[in-house]
Each structure stands twice: as structure tokens, then as C-alpha cells.
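K.L.:
I would like to see how this sequence folds:
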Amino acid sequence: MSPEKMVHMANQIATFFKTQPGAEASDKVAEHIRDFWEPRMRAQLRGYVGQGEAASIRLSSRPPS
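P.N.:
Residues are numbered from 1 along each chain as shown. Below is the predicted model:
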């Protein structure tokens, strides 16, 4: 799966959880990905982030910094 597609999916999850208070939204996004994404998808997303390719990604549930 392309990194862009995974980021899009993660952002859709984040949009769903953004009504949760504070850091709980980010925790829920991580929990959902851990529980429902297959290990290969999680590893691919971690690799993408680990390469520094995700510097411009901002999950919708997180406030801008």
C-alpha cells in the first residue's frame, strides 16, 4: 500500500476520534491502528515515519504546533 494511502487512512481515523478530549484522541488513533491494522501495514507506516518521510504529516486529531 502506498504511504499516502496509509496516511489518508490514519487521518480518517483521527478525524473520527478528534472529539475525544486532549491526548485521548491521539491515544485512540494509535489504539485503533494497533488493534485493526495488520502487522505489515503498521510496519510499513513505522518505516515511512522512521525514514523522516512523514515530517509534514499532521494527524487531524492533533492540534497544530
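K.L.:
what ranges of this protein fall below the confidence cut-off?
P.N.:
Scanning the chain for pLDDT under 70 picks out 53-65.
K.L.:
Find the residue at the geometric middle of it.
P.N.:
Per C-alpha atoms, centre = their mean, the C-alpha nearest to the average position across the chain is that of A10, at 3.9 Å.
K.L.:
okay but that residue is in contact with S26, surely?
P.N.:
No - under the contact definition of C-beta atoms under 8 Å, A10 does not touch S26, with a separation of 11.0 Å. Where you see a C-beta, it was placed from the backbone N, CA and C, and this is true even at glycine.
K.L.:
top helix in the protein by residue count?
P.N.:
Ranked by residue count and defined by DSSP state H, the top helix of the chain is helix 3-17.
K.L.:
Look at P21 and give its secondary structure.
P.N.:
In three-state terms, and counting by DSSP: H, G, I helix; E, B strand; the rest coil, P21 is coil.
K.L.:
Near it, how many other residues are there?
P.N.:
Residue neighbour count, defined by other C-beta atoms under 10 Å, stands at 6 for P21.
K.L.:
That one and L45, how far apart?
P.N.:
Using C-beta to C-beta, to the nearest Å, P21 is found at 25 Å from L45.
K.L.:
Then E38?
P.N.:
Applying C-beta to C-beta, the value for E38 to L45 is 11 Å.
K.L.:
between these two, which one's more packed in?
P.N.:
Looking at E38 and L45 with other C-beta under 10 Å, you find the greater number of neighbours at L45, namely 20 against 8.
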